[in-house]
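> Provided below are the primary sequence and the corresponding predicted coordinates.
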Amino acid sequence: MSDIIRPYGDTTGDGMVQLSFTLPVPHGKRAEGAALQLAGKMGIDPAMVVHSKPLGPKFTFFVVYGRVQHLVDLREVQVPERDYPLLTPKEVNAVIRRRLRRKLVVVGACIGTDAHTVGIDAILNIKGYAGEKGLEYYREMRVVNLGAQVAVPDLVERARAERADAVLASQVVTQRDAHLHNVREMAAAFREAFPASRRPLLVVGGPRFDESMAAELGVDRIFGRGTTPTEVASYLAHAITTKRGSVPEGAGV
Amino acid sequence: MSDIIRPYGDTTGDGMVQLSFTLPVPHGKRAEGAALQLAGKMGIDPAMVVHSKPLGPKFTFFVVYGRVQHLVDLREVQVPERDYPLLTPKEVNAVIRRRLRRKLVVVGACIGTDAHTVGIDAILNIKGYAGEKGLEYYREMRVVNLGAQVAVPDLVERARAERADAVLASQVVTQRDAHLHNVREMAAAFREAFPASRRPLLVVGGPRFDESMAAELGVDRIFGRGTTPTEVASYLAHAITTKRGSVPEGAGV
Amino acid sequence: MTGGLTLDPALVRRARQLADQAARPVIELARRHTTVSIERAVLRLAGVTGADPDGIPWVNRLVDAVRADVGLEHGVALPVFAALRAEGINDLTLLAQKAAAGSIHFQIPQGRSASVARRAAHRAVAAGLRRIDRRRAERERLIQRLGDPPRRPWIYLIVATGDIYEDIEQAQAAAREGADIIAVIRSTGQSLLDYVPEGATREGYAGTYATQENFRLMRAALDRVSRELGRYVRLTNYASGLCMPEMATLAGLERVDMMLNDSMYGILFRDINPIRTFTDQRFSRQIHARAGIIINTGEDNYLTTADAVEAAHTVTVSQLLNEVFAQEAGLADWQIGLGHAFEIDPELPDSFRLELAHALLARTLFPRYPLKWMPPTRHMTGDIFRGYLLNGFFNLAGLLTGQSILLVGMMTEAVITPWLSDRDLALQNVRYVLNACGGLAEDFAPRPDGFIQRRANQVLAEAVALLERICDHGLLQAIAEGTFGIMKRPPDGGRGLDGVAVQADDYYNPATEILEQELAAEREERHE
Amino acid sequence: MTGGLTLDPALVRRARQLADQAARPVIELARRHTTVSIERAVLRLAGVTGADPDGIPWVNRLVDAVRADVGLEHGVALPVFAALRAEGINDLTLLAQKAAAGSIHFQIPQGRSASVARRAAHRAVAAGLRRIDRRRAERERLIQRLGDPPRRPWIYLIVATGDIYEDIEQAQAAAREGADIIAVIRSTGQSLLDYVPEGATREGYAGTYATQENFRLMRAALDRVSRELGRYVRLTNYASGLCMPEMATLAGLERVDMMLNDSMYGILFRDINPIRTFTDQRFSRQIHARAGIIINTGEDNYLTTADAVEAAHTVTVSQLLNEVFAQEAGLADWQIGLGHAFEIDPELPDSFRLELAHALLARTLFPRYPLKWMPPTRHMTGDIFRGYLLNGFFNLAGLLTGQSILLVGMMTEAVITPWLSDRDLALQNVRYVLNACGGLAEDFAPRPDGFIQRRANQVLAEAVALLERICDHGLLQAIAEGTFGIMKRPPDGGRGLDGVAVQADDYYNPATEILEQELAAEREERHE
Ligand code: B12
Ligand code: B12
Ligand SMILES: Cc1ncc(COP(=O)(O)O)c(C=O)c1O
Ligand SMILES: Cc1ncc(COP(=O)(O)O)c(C=O)c1O
């Protein structure tokens, strides 16, 4: 397979895509022209406005089909490919026992005003997700789940009190980039509160994160849509044996 | 209202759009990375892959939401705004009587292998479309409707035999740009067969045409989705009084 | 009209009797407590408005000051009106400002000064209730003049931009496209605020702050569009969270028409203390009853955390409990909008028929209530096409089972708060289904002993069994054990417990007094 | 299972009797004529293959040569086999090449040489039919081994890339996603070609050329995927246009499983001469009957040009006529896939219930036929979300009314020929509806004298009235007047009339002879 690809409608290389959006313009030919202009700027050529509908007197909704001229170069695709092996719970427990010689302490929460606990519970609770047990099931982990709507200062305090090795924060609400703001705030707070060598691992998750943004947001790892507990547990086991290898043994005890 | 606008999701200026497409890549993180690359090239930033699904082992379907960075400049919108007044059938008849002093001859057809006659019939048949009567209803027009799947040479012949003032061709099938090929072929054939001054007006229509492409395709006018008979009749009345004003009176008699 | 579901009448009677038995102790508990928000609501009725420069409402400052001096257990009405008289002013807001400045010392008046304060408080609060009455009359007049939606179900749409002015644009657009009810979703943070923000607001997250001014602005905008359309478009907001009683009061004062108001939602989904919640909800429902506001309960939420098939009977149990609480608080049948939802995993074989069974069960158990039917959310994904289809079948289930209020589902449910276009597409979906299927319920006749009948009766039987367990150990215990929505909430846990007080013997609350007296009189009358 | 529709049995009997009466003269007409394509089909059965360097098949060159010398009215079998003998060769294709080069002079053999030619022709054509028989047996074996789709309706999907190799990719993908039947749509131009193109093709417009090689390639690809999936995936193509008889023959030879084959579609929608079409369709159906191919008729098409409510009864009339033609040609009940469609304007109040009424009417009139239910096309727009929803309700109607074959609708119907993703989304739609609604038909019981019952009976009554008019003036006259699909087609108009000849007294067609004799024998047996 070639590394240079294009979208596929019904023929290799046809480049066909579907697009929809609303413009703040009254319905009519001018609005369709505006829609075509936008499609053109997005690289769709030729573009067909196949549907347009007034949304009240001031807006128009469009459906556009067309051929996008851009090429996708697979060699340049940035993927945070899993850089650690997937382990069974047994293996994870063994790693923790060997490296830490005590339980790994995980503190989890939905931070800010977010009250969507189903996602973090899926990772933490014994019940788990997608047929996999959650972290509470791991004999060598101690899980403290703070639940919903935890303010960042409270989280920092609790992490300190529990001597957390890893802090797991969930963010589901994304309107006005709330998730990004909250994660940045959290990362800053932990950096301020802990010396670099004793800062717990910062792990965030939620369905709308771009997993490649970890560095940008100042956290160690991001998990997106459909994450399973095994992935998180394996990552933690991996992280404490590498980066965390430098932390003085027993630091968190 | 400003002339510079952006798509509207739920807040002025948020630039939000929805996109879907298929890439010839197996489902997985790499595929999602490829989808994000494409969205980025289209100017969507940030982009979220909100859905991805394998279509068999070799393809992946994506739904993407995100903020498109482009601006739409309404001043630069190209619209073939109607540059002629909409007339009632009475008025159209009067114009024809005054300018031509005979009936205006219209020859219509679906050209090539296209058999979708509903559209051209909507324009030509008395029954009409959207509550408006078709061109057959106009006393001062003589309409010859050749129906479906008319080969271009046959159309040219018939236009000559009927002394057509205007040839109306319909094209509904667009796969592999069939409509564009056929219209170009027709335009070339008429140019070859008639001296410029005696060539009938070339009017094409169909739901997937871009109305601003007339010059590019070598025809006088293009009508798109949802055209009504009145628009076509008014255009014909307008065209014979302007461009066609130069044609010797009675040329078609 | 939706004929055909036959429930065992003995089982239905038993269910209601058990629900009553389970709810009674909790009602008693609520009667014996008061909360900071109830007291603030009383003061709002009495006329306190506005906020300090930090945005903290004067009612909060006033109640806090009273509490610091004399505690909450006597109610704030007497100490406040006694202080007013002592200060020789008649502006409560001014009093609040002084109290905030620390220049007032509150006391529980005794003897004659107590009865003077009592009369003054009673008069002021009664005036506040009369303002609510006028709003109710106004609503009734407008409905008379403009008319109700032409058909059931009423179409309920959400706006949630975070900015009241964008909300207004979108609400009006939605009404023009056919919405009968507009709900303004609240910002994620609000339910945990122990005060009601002030003024017009533009910066909510995933929702817009509920404030008196926002209520007023939106109601005025909907009045304009109602006149334009010739049908009264209703407005919905939330009486839940830590300020339930005040929200109900402000809604009554600004003619909000419906309020989300559940007896357990705050406990389960906002981790608010159970006693706080049960106490607050009782007062808020008394206000709603008076204001002619329709309440919507929140059983749909359980199915976002618990499985919609396994936990179907918990919805029924909760509906039965909400019914008891609502009736006790004085809500009329037409005001009791019990909730339920289309949340079964669509991959499950016969999922749609199971939905029909559950929806018919609710309809048959509560034939006279304006049931609110909630769309799929949990099993919605980023596949917006599939989502659009699911919403179509949700609409169909609503039509076939005669639901009263249809909350319109959005294809982007799993992605974003709804866009302008999402709402338009969603309404188009509803319109198609209602219009194309029209009287299809005529041809829908669950076969006796068929799948649907069997399933509905099974859920009812499970509900009765659960109610029996609840009666044995108490509702608070059941909640602590995670019975509803798998959320475990002990009676002494959760937020806002510090805002609760056991009423002292001399507790006085003019609002409760008036509302309960008039309700009792009304009930007497009805029984004569 | 879909119980409940009660039709007046007298009206049903009358409808069938009138349809028979209307069809008889046309059947007689077909028996008296032959066409170039029938004669070419005979030669294909006898073994002619391949095409000249310009792509014109040798069968065309041969028939044209025969016709130039002796006309068509005697049939080509005798002159061709006589010439073969005279030339002393036994390769028909070689004969065709020589004839094309002008080196052969054809004559109608007489006397003994006639009976020798007759025997040779009979033998050759019988061998061809035996090849078809083997293909049929092969199909039956595969079905036995791999199994039929697990449930009704069978899921029917279209591929239409124009390129047989892309088609194969997409067909296999579709089968993996759940398609039971794959139809390869033909290129727009093909129906008007008076020859069948040759070889594997990659350049169709909005469809892929139907060629013997493309049939073979696709059938082989589907055989592979059938084995992979453990269920026999059927292949569909078109026996319509100017080459109906040859298409049927090639389909039989390559084990295509279903063919679109309507008695009037070519007349109405391709402006092919009525006599040509009626003659061709009779022969093609005889072949289909033999080959065990299921035919699909094209009543759905009428509703793309005529209104689906006003013209509902024309669909019924056409179904009744197609039934008579199909039975006369020897098709068994399980082979008669009458068509109908979901094409009512979705804006019409109760449009969905009207669809249910029409679909139930067809189901009840033709209880044993594999009815093919076609999705909305005409009222689909560029609003793909709305389209996806309509298709969901189409699927639901198919389920509720017990349709046998469900052609899967595409949300992009108004835009493009389907993309890979469209098909996947469409199948997901079907799967949701069939799975979620499962046995919902159990609860669907059109009320006696209700809307649906009344509508179905009204359409049937209108159909009877129309049949009466047709019997009075003749079917050809009715077609000329625009009765079906508002298309007016006079008997002497349209394409392909020059390819028709009235049979001479000595007309000989070994294929018809064998097929009709064996059919008669079979019928006799059945009656004993
Ligand atoms: C269930 C639900 C609720 C429930 C929450 C119950 C609870 N206790 O969690 C209730 C009903 C209470 C609720 C309320 C609200 N909700 Co809500 N809700 C949803 C819903 C339907 C499903 C979310 C869910 O449970 N997904 C299932 C879990 C398993 O998936 P997940 O969260 O993605 O988690 C997975 C991964 O992301 C990852 N993960 C997640 N977190 C973490 C953390 C770590 C450390 C790791 C490693 C991994 C990880 O692993 C998980 C397993 O794979 C979604 C819509 C939808 N279909 O997605 C809306 C949705 C999330 N809600 C939304 C909103 C706006 C609200 C409200 C704010 C509305 C309001 N104003 O009243 C309220 C208030 C909530 C608040 N304060 O935050 C919006 C958010 C919009 C946006 N993008 O900003 C959504 C998308 C709906 C919508 N379109 O409007 N909601
Ligand atoms: C009806 C229909 C048919 C009927 C046609 C009957 C007839 N006599 O016309 C039948 C069933 C026969 C048919 C067959 C086929 N169809 Co068809 N058909 C349609 C359908 C459902 C509706 C088209 C229609 O009637 N629209 C209504 C009219 C009023 O609208 P209109 O054509 O846009 O015309 C308006 C304007 O465009 C304009 N206009 C049009 N022409 C002209 C000309 C002039 C001069 C002017 C001024 C204006 C004008 O004015 C009209 C009024 O506003 C569309 C899908 C859809 N919903 O759009 C598919 C569709 C057009 N068909 C399609 C295909 C592929 C076919 C087939 C080729 C399939 C096959 N391989 O078998 C066949 C063969 C047809 C052929 N040889 O061309 C595709 C085309 C795909 C593409 N974009 O390339 C479509 C889009 C369906 C699909 N998604 O696959 N079809
Ligand atoms: C009964 C009820 N109350 C309140 C809310 C909203 O939450 P909050 O009170 O946090 O704004 C919901 C959510 O839909 C609800 O169902
Ligand atoms: C019965 C029938 N035959 C044929 C076709 C296809 O047209 P053509 O024969 O031109 O390929 C159709 C279109 O769907 C049809 O319904």
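That came through, no problem. Ligands and ions are numbered 1, 2, ... in the order given.
> quick one: C:Gln503 and C:Thr35 touch, right?
No. Judged on CB atoms under 8 Å, C:Gln503 makes no contact with C:Thr35 at a distance of 10.6 Å. Where C-beta positions appear, they are placed from N, C-alpha and C, glycine not excepted.
> and those two? which has more neighbours close in?
Taking neighbours as other CB atoms under 10 Å in any protein chain shown, C:Gln503 and C:Thr35 compare with C:Thr35 leading, 29 against 18.
> burial count for residue 34?
I went with chain A, as the question did not name one. That count, for A:Ala34 with other CB under 10 Å as the rule, works out to 25.
> wrong one, I was asking about chain C
Neighbour tally, C:Thr34, other CB under 10 Å: 28.
> Please identify which helix or strand holds it.
strand C:33-35 (DSSP states H and E).
> tell me the pLDDT at residue 118?
Chain wasn't specified; assuming chain A. Note on A:Val118: pLDDT of 94.
> try chain C instead
Among the per-residue scores, C:Arg118 shows a pLDDT of 97.
> so A:Ala109, which of the three states?
Look at A:Ala109: counting by DSSP: H, G, I helix; E, B strand; the rest coil, its state is strand.
> if I look at it, how far off is A:Ala169?
A:Ala109 sits 6 Å away from A:Ala169, going by CB to CB, to the nearest Å.
> same question, A:Ala34
Taking CB to CB, one finds A:Ala34 at 41 Å from A:Ala169.
> Report the spatially nearest residue to the residue of the stretch 151-300 of chain C found nearest chain A, omitting neighbours in sequence.
Going by CB to the nearest CB, chain A is nearest to C:Gly189 of the stretch 151-300 of chain C, at 3.6 Å. Distances taken as CB to CB, 6 or more residues apart in numbering or on different chains place A:Thr113 nearest to C:Gly189, at 3.6 Å, with adjacent residues excluded.
> tell me the contacts of that neighbour?
Residues near A:Thr113 by CB atoms under 8 Å, 6 or more residues apart in numbering or on different chains: A:149, A:173, A:178, C:187-189, C:192, C:205.
> can you do 7 Å?
Applying CB atoms under 7 Å, 6 or more residues apart in numbering or on different chains to A:Thr113 gives the contacts A:149, C:188-189, C:205.
> quick one: is the lengthiest strand in chain A near chain B?
Ranked by number of residues, the top strand in chain A under DSSP state E is strand A:44-55. Yes. Judged by CB under 7 Å from any CB of the partner chain, strand A:44-55 comes into contact with chain B at A:46, A:48.
> Which residue does chain A have closest to ligand 4?
At 18.0 Å from ligand 4, A:Asp10 is the closest residue in chain A, using CB to the nearest ligand atom.
> Give the helix, strand or coil label for that residue.
A:Asp10 - assigned by three-state DSSP - is coil.
> how far away is it from D:Thr201?
From A:Asp10 to D:Thr201 the distance is 16 Å (CB to CB).
> which of these two has more neighbours?
A:Asp10 (25 against 19).
> just checking, the more buried one touches D:Trp419?
Yes. With contact defined as CB atoms under 7 Å, A:Asp10 counts as touching D:Trp419 (5.0 Å).
> Please compute how far the strand or helix carrying C:Ser284 lies from its chain's middle.
Per DSSP H and E, C:Ser284 falls inside helix C:274-291. Relative to its parent chain, helix C:274-291 has a centroid offset of 9 Å by CA atoms, centre = their mean, to the nearest Å.
> Spit out the contact partners of residue 227.
You didn't pick a chain, so chain A it is. Residues near A:Thr227 by CB under 7 Å, 6+ apart: A:123, A:205.
> Actually, chain C is the one I wanted.
By CB under 7 Å, 6+ apart, the neighbours of C:Arg227 are C:Leu146.
> and if you look at C:Ser351?
C:344-345, D:436.
> Quick check: the residue of the stretch 151-300 of chain C closest to chain A vs chain B, distance?
19 Å (CB to the nearest CB, to the nearest Å).
> Run a quick neighbour tally on that residue.
20.
> Alongside chain B, which residues does the stretch 1-150 of chain A contribute?
Counting by CB under 7 Å from any CB, the stretch 1-150 of chain A sits next to chain B at A:5, A:7-8, A:12, A:17-25, A:29-30, A:33-34, A:37-38, A:41-43, A:46, A:48, A:59, A:68, A:70, A:72, A:74, A:76-79, A:81.
> So which of those residues reach chain C?
Answer for those near chain C (CB under 7 Å from any CB): A:22, A:59.
> For ChimeraX, what selects the buried ones among the residues of the stretch 1-150 of chain A next to chain B?
Of the residues of the stretch 1-150 of chain A next to chain B, the buried ones can be selected in ChimeraX as follows, counting by 16 or more other CB atoms under 10 Å in any protein chain shown:
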select /A:5,7,8,17,18,19,20,21,22,23,24,25,30,33,34,37,38,41,42,43,46,48,59,68,70,72,74,77
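> quick one, helices of the stretch 351-500 of chain C?
Listed in chain order, the helices found in the stretch 351-500 of chain C under DSSP state H, counting those that start in this stretch are C:351-365, C:384-400, C:420-437, C:451-473, C:475-480.
> can I get the ones you listed in CSV with mean pLDDT and distance to D:Pro274?
Listed next are the helices of the stretch 351-500 of chain C as CSV, based on pLDDT from 0 to 100; distance: least, CB to CB, whole Å:
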stretch, mean pLDDT, distance to D:Pro274
helix C:351-365, 98, 47
helix C:384-400, 98, 42
helix C:420-437, 96, 37
helix C:451-473, 97, 51
helix C:475-480, 97, 77
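> Those helices into TSV, with extra columns for distance to ligand 3?
Shown next, in TSV, are the helices of the stretch 351-500 of chain C (distance: least, CB to the nearest ligand atom, whole Å):
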stretch	distance to ligand 3
helix C:351-365	16
helix C:384-400	16
helix C:420-437	17
helix C:451-473	20
helix C:475-480	15
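> out of these, nearest to D:Leu466?
Proximity to D:Leu466 (CB to CB) singles out helix C:420-437 among those, at 26.9 Å.
> Would you mind putting the CA coordinates of the closest one into CSV?
The C-alpha coordinates for helix C:420-437 follow below in CSV (Å, rounded to 0.1, in the frame of the first residue of the first chain):
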residue,chain,number,x,y,z
LEU,C,420,-28.1,25.5,15.9
SER,C,421,-28.2,23.0,13.0
ASP,C,422,-28.5,20.0,15.3
ARG,C,423,-31.6,21.4,16.8
ASP,C,424,-33.1,22.1,13.4
LEU,C,425,-32.3,18.6,12.2
ALA,C,426,-33.7,17.1,15.4
LEU,C,427,-37.0,19.0,15.0
GLN,C,428,-37.2,17.9,11.4
ASN,C,429,-36.9,14.3,12.7
VAL,C,430,-39.7,14.8,15.2
ARG,C,431,-41.9,16.5,12.7
TYR,C,432,-41.4,13.7,10.2
VAL,C,433,-42.3,11.0,12.7
LEU,C,434,-45.3,12.7,14.2
ASN,C,435,-46.6,13.7,10.8
ALA,C,436,-45.9,10.5,8.9
CYS,C,437,-47.0,8.1,11.6
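> what's next to it, contact-wise?
With CB under 7 Å, 6+ apart as the test, helix C:420-437 has contacts from A:22, A:55, A:59, A:61, B:8, B:10, C:155, C:157, C:170, C:173-174, C:177-179, C:388, C:391-392, C:395-396, C:399, C:406, C:408-412, D:346, D:349-353, D:385-386, D:389, D:393.
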